[in-house]
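Peer 1: fold the following.
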Amino acid sequence: MTPIPPNVAALLPEYVLTIAAVAIMMMEAMLKPGASRKPLGWLAILSTIAAGIISYLQLAMGPLVAFSGTIRVDAFSVFFHLLIAGIVIATLLSSLDYFDGNASHAGEYFSLVLFGAVGMMLMTCSVELLMVFIGLEISSISTYIMAGFRKSQTASSESSLKYFLLGSFATAFFLYGIALAFGATGSTSLTAIAAAIGGNATPRMALLALAMMIVGLGFKVSAAPFHVWTPDVYQGAPAPVVGLMSTAPKAAAFAVLLRVTFSGFASMSHRWTLMLWILAALSMTLGNLGALMQRDVKRMLAYSSIAHAGYLLVAFTALPAQGIAAACFYTAAYAAMNVGAFIVVTEAAGFQESLRTVDDYKGLALRRPILAALLALFLLSLIGIPFTGGFFGKFYVFTGALQAGHVWLAVIGLINSGVACTYYLRLLASVYSRREDGADAPRIAETMSIAAGAALALTAVATLLLGVMPGRVLRLAQDAGSTFQANQPAAADGAVPVNASEAQH
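Peer 2: Next up is the predicted model:
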């Protein structure tokens with residue numbers, strides 16, 4: 001049997017998603033305007049499941065290096081591939097009925113989700129900064145369009161335009177950082193960069209390059225002070241899109257930031273640790289204080305995502321082994337609970353998003369008790385209550401910071417976690433309160449589709465399992481972190497099984 005060429009084996013999940021996305025676009029053009037687009041959505045879901053299975057099987061193949069050393073598929077990239085695939089599956093399941101009958105171009109949405117996933121996956125397995133930039137652009141362009149997918153609503157178009165303009169500005173910072181890195185080291189490969197700046201002398205241009213790239217990626221993860229776009233974009237974008245863009249692109253950007261800092265610029269850790277310490281403290285504080293002042297639920301969750309970006313940045317200040325594993329685990333836990341929260345918003349508010357403010361959610365527990373209970377689970381996990389994924393995520397992050405000696409950062413994080421209880425519990429209290437007599441009740445969808453129910457079940461089970469039995473995911477996260485320890489140069493165009501210590505925990 002002829003072995004699969006390395007260039008095919010390494011990017012096979014991306015090939016599957018790309019082919020499916022192109023096929024959906026071609027099939028969309030052949031459907032009548034009033035025909036249901038659900039079959040196209042199911043094709044997107046099946047292709048994403050296939051891509052996830054292929055990514056998992058890549059673990060058994062050992063680290064794969066392809067395309068002249070620009071692509072590296074290892075335990076780290078596979079972890080994020082699986083996470084992105086899970087987020088995309090949950091998003092597509094919750095979107096089948098959201099767009100059906102409301103948008104005749106829903107097939108384009110399914111294609112854009114897959115194209116975005118391709119870009120995100122490419123970012124996580126690239127060890128060449130120019131390849132990272134290509135993946136970043138593929139992902140960004142897809143999310144820019146999806147943010148304005150409700151074309152009939154002005155807020156949605158405004159959201160897309162703001163996201164595009166500020167996103168382009170941030171991308172310029174990242175690209176300029178790549179140019180400076182090339183000027184300082186003569187290469188854009190993370191392995192070559194690490195070798196060039198690994199000596200005692202640290203080029204100032206390399207430090208400036210790293211700062212520029214942190215600014216660009218800080219925008220993508222909505223870390224303060226690069227967060228100003230987040231509330232407006234989240235408020236105007238469709239709820240399923242917000243659930244996707246608040247988790248999957250952030251996961252990919254954090255994966256890139258982990259590779260850049262702990263691999264390419266590892267010898268400068270004493271410099272970038274201080275930068276990320278400040279960003280983490282600012283993000284946690286400004287995010288939670290901003291959320292306290294919000295009555296609009298989507299804006300509140302937007303500021304919440306800024307705060308959680310800060311919690312995750314705390315992991316970057318920890319020692320490499322603990323920090324990388326903690327960052328990976330927290331990303332998975334945050335994805336489960338945040339996607340779940342936005343699916344509840346999607347199901348309760350519908351395409352017109354009739355539930356906007358905290359007060360609009362009054363009486364939800366009486367009309368939709370299961371939906372209210374699931375929202376309570378996700379909010380409690382976002383707070384960090386024990387037996388939820390959010391609790392263990394924060395535990396590992398703060399423990400890693402303490403072990404590295406960053407006591408004050410852990411204290412700031414714990415104080416902010418207490419502050420966050422206020423606005424999460426305010427929404428939860430509204431959900432379980434009774435609406436005043438005579439008050440007009442906003443329209444709430446009374447039924448839930450099987451697909452949306454499956455998406456909610458997927459996120460709820462993930463949130464609980466990460467809190468009750470986190471061992472399996474934590475081991476995968478630790479294996480992902482161990483790939484940085486060997487830090488060996490990549491060979492060109494070959495499936496290179498690097499030493500056993502890198503493939504085993």
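Peer 1: can you pull out the strands in this protein?
Peer 2: 64-66, 71-73 (DSSP state E).
Peer 1: just the mean pLDDT for the last one, thanks.
Peer 2: Averaging pLDDT along strand 71-73 yields 92.
Peer 1: likewise for stretch 187-197?
Peer 2: Stretch 187-197 comes out at a mean pLDDT of 90.
Peer 1: likewise for stretch 298-318?
Peer 2: Computed over stretch 298-318, the mean pLDDT rounds to 93.
Peer 1: equivalent analysis for stretch 370-379, please.
Peer 2: 93.
Peer 1: return the distance of that stretch from the chain's centre.
Peer 2: With CA atoms, centre = their mean, to the nearest Å as the basis, stretch 370-379 stands 21 Å off its chain's centre.
Peer 1: mind listing what's buried along it?
Peer 2: 371-372, 374-379 (16 or more other CB atoms under 10 Å). For every residue, glycine as well, the C-beta is placed using N, CA and C.
Peer 1: tally of neighbours for the nearest residue to residue 357 once chain neighbours are set aside?
Peer 2: Computed as CB to CB, 6 or more residues apart in numbering, the closest residue to residue 357 that is not its neighbour in sequence is residue 295, at 4.8 Å. Residue 295 has 14 neighbours, counted by other CB atoms under 10 Å.
Peer 1: next one: residue 393
Peer 2: By other CB under 10 Å, 29 other residues sit near residue 393.
Peer 1: okay, now stretch 65-78: how far is its last residue from its first?
Peer 2: End-to-end distance of stretch 65-78: 13 Å, with CA to CA, to the nearest Å as the criterion.
Peer 1: do stretch 140-160 as well
Peer 2: In stretch 140-160, first residue to last residue: 11 Å (CA to CA).
Peer 1: do stretch 92-107 as well
Peer 2: End-to-end distance of stretch 92-107 (CA to CA): 11 Å.
Peer 1: returning to that earlier point: format the buried residues of stretch 370-379 as a markdown table; extra columns: distance to residue 447.
Peer 2: What follows is the buried residues of stretch 370-379, written out as a markdown table (distance: CB to CB, whole Å):
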| residue | distance to residue 447 |
| --- | --- |
| 371 | 11 |
| 372 | 15 |
| 374 | 15 |
| 375 | 17 |
| 376 | 20 |
| 377 | 21 |
| 378 | 21 |
| 379 | 23 |
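Peer 1: tell me the one of these nearest residue 63?
Peer 2: Distance to residue 63 across the buried residues of stretch 370-379 (CB to CB) is lowest for residue 378, with 35.4 Å.
Peer 1: contacting residues for the closest one?
Peer 2: Residues in contact with residue 378, defined by CB atoms under 8 Å, 6 or more residues apart in numbering, are 337-338, 340-341, 344, 459-460, 463.
Peer 1: out of the strands of the chain, which is closest to residue 429?
Peer 2: For the strands of the chain, the distance to residue 429 is smallest for strand 71-73, at 46.5 Å, taking CB to CB.
Peer 1: packing partners of the closest one?
Peer 2: The criterion is 3 or more CB pairs under 8 Å, 6 or more residues apart in numbering; DSSP states H and E, and the helices and strands that strand 71-73 contacts are strand 64-66, helix 106-125.
Peer 1: least reliable of those going by mean pLDDT?
Peer 2: Averaging pLDDT over each of those puts strand 64-66 lowest, since it has a mean of 90.
Peer 1: show me where the stretch 201-350 of the chain has helices.
Peer 2: Using DSSP state H, counting those that start in this stretch, the helices found in the stretch 201-350 of the chain span residues 204-220, 230-236, 239-245, 248-259, 269-292, 297-314, 320-349.
Peer 1: buried residues in the fifth one?
Peer 2: If you call a residue buried by 16+ other CB under 10 Å, then helix 269-292 has these buried ones: 269, 272-273, 275-277, 279-288, 290-291.
Peer 1: how about the CA coordinates for stretch 379-392, as CSV?
Peer 2: These are the backbone C-alpha positions of stretch 379-392, laid out as CSV (Å, rounded to 0.1, in the frame of the first residue of the first chain):
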residue,chain,number,x,y,z
LEU,A,379,-22.8,30.9,34.2
LEU,A,380,-21.7,29.0,37.3
SER,A,381,-18.8,27.6,35.3
LEU,A,382,-17.8,31.0,34.0
ILE,A,383,-17.8,32.1,37.7
GLY,A,384,-15.5,29.2,38.6
ILE,A,385,-17.8,27.2,40.9
PRO,A,386,-16.4,23.7,41.9
PHE,A,387,-17.3,20.7,39.8
THR,A,388,-17.4,22.7,36.6
GLY,A,389,-14.7,23.1,34.0
GLY,A,390,-14.3,26.8,34.8
PHE,A,391,-13.2,26.0,38.4
PHE,A,392,-10.4,23.6,37.3
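Peer 1: can you tell me what sits against that stretch?
Peer 2: 304, 308, 329, 332-334, 336-338, 341, 377, 393-394, 417, 420-421, 424-425, 427-428, 462-468, 470.
Peer 1: residues of it that come out buried?
Peer 2: Result for stretch 379-392 [16+ other CB under 10 Å]: buried residues 379-384, 388-392.
Peer 1: point out where the stretch 151-300 of the chain drops to low pLDDT.
Peer 2: Within the stretch 151-300 of the chain, the segments meeting pLDDT under 70 span 199-202.
Peer 1: any stretches of the stretch 301-450 of the chain with poor pLDDT?
Peer 2: Ranges of the stretch 301-450 of the chain meeting pLDDT under 70: 436-446.
Peer 1: can you count the residues close to residue 418?
Peer 2: For residue 418, using other CB under 10 Å, the count is 11.
Peer 1: got it, and residue 34?
Peer 2: Other residues close to residue 34 by other CB under 10 Å number 7.
Peer 1: per-residue pLDDT, it?
Peer 2: For residue 34, pLDDT reads 73.
Peer 1: could you measure from it over to residue 449?
Peer 2: Relative to residue 449, residue 34 is positioned 19 Å away (CB to CB, to the nearest Å).
Peer 1: likewise for residue 152?
Peer 2: According to CB to CB, residue 152 and residue 449 sit 23 Å apart.
Peer 1: which one's more surrounded, those two?
Peer 2: residue 449 (17 against 8).
Peer 1: can you show me the helices along the stretch 401-505 of the chain?
Peer 2: 407-431, 450-468, 471-486, 500-503.
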